[in-house]
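> Next come a sequence and a model predicted from it.
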Amino acid sequence: MALVGIHQDDTEEDARHCCKRLLAAKLWPNDNGGQWRQGVKQKNLEVLCVSQFTLYGTLSKKQQPDYKLAMKAVPARALYDTFLQLLCESYQEDKIFNGKFGAMMDVELVNDGPVTLVVESEVGGGSGGGGSGIVNAGDGEEK
């Protein structure tokens with residue numbers, strides 16, 4: 001599962017960079033049991049992307065959530081769709097899934113491992129680090 005947050009300064013170049021890193025991240029063991037040896041493509045895994053603007057949330061002085069670092073909904077939707085398209089083009093379209101952009105969703109995640117990483121891009125020059133996703137990896141079991 002990849003929770004995808006889009007920073008206000010992100011660009012298509014950031015999305016391309018994060019797509020490449022997400023698909024190449026070696027988070028699973030190989031067939032010989034060697035840890036951190038294979039990525040999504042090598043394991044032939046599915047990827048569920050969930051838009052998550054709250055990844056760029058902070059707390060205000062009043063201790064209230066503030067999401068001003070997240071890109072506004074309309075351009076964020078376009079960049080999120082671009083990110084999904086890049087994943088489909090770079091991998092197998094039938095292995096890429098997504099939630100409903102901007103919707104309140106109940107998403108259940110079992111962290112079997114657990115491994116949780118932040119994948120960011122600094123190529124777009126955004127002060128927030130560029131395109132971001134939280135990647136949760138299980139034990140490599142294809143489901």
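That came through, no problem. Nothing here was measured: the structure is a model prediction, and the numbers come from that model. Residues are numbered from 1 along each chain as shown.
> Residue ranges in the protein under the pLDDT threshold?
Counting by pLDDT under 70, the chain shows low-confidence ranges at 112, 114, 123-143.
> quick one, helices of it?
12-24, 40-43, 73-90 (DSSP state H).
> Run through the neighbouring helices and strands of the shortest one.
In this case it means helix 40-43. Contacting helix 40-43 under the criterion 3 or more CB pairs under 8 Å, 6 or more residues apart in numbering; DSSP states H and E are the following elements: helix 12-24. All C-beta spots, glycine's among them, are computed from the backbone N, C-alpha and C.
> Regarding stretch 51-70, how distant is the last residue from the first?
11 Å (CA to CA, to the nearest Å).
> do stretch 83-96 as well
11 Å.
> Name the residues of it that come out as buried.
For stretch 83-96, the neighbour count (16 or more other CB atoms under 10 Å) marks 83-84, 86-87, 91, 96 as buried.
> Mind picking the two most distant members of the residues you listed?
The most widely separated members of the buried residues of stretch 83-96, counting by CB to CB, are 83 and 91 (12.4 Å).
> hey, what's in contact with both of those two?
In terms of CB atoms under 8 Å, 6 or more residues apart in numbering, residue 83 and residue 91 are not both contacted by any residue.
> quick revisit: so for residue 32, which of the helices of the chain sits nearest?
Residue 32 lies closest to helix 40-43 among the helices of the chain, at 12.9 Å (CB to CB).
> Only the buried residues of the closest one, if you could.
Buried residues in helix 40-43 (16+ other CB under 10 Å): 40, 43.
> Determine how far it lies from the middle of the whole chain.
Computed by CA atoms, centre = their mean, to the nearest Å, the chain-centroid distance of helix 40-43 equals 16 Å.
> before we move on, what about stretch 41-58?
Here stretch 41-58 shows a centroid-to-chain-centroid distance of 3 Å under the convention CA atoms, centre = their mean.
> cool, stretch 1-11 as well?
On CA atoms, centre = their mean, the centre of stretch 1-11 falls 7 Å from the chain's centre.
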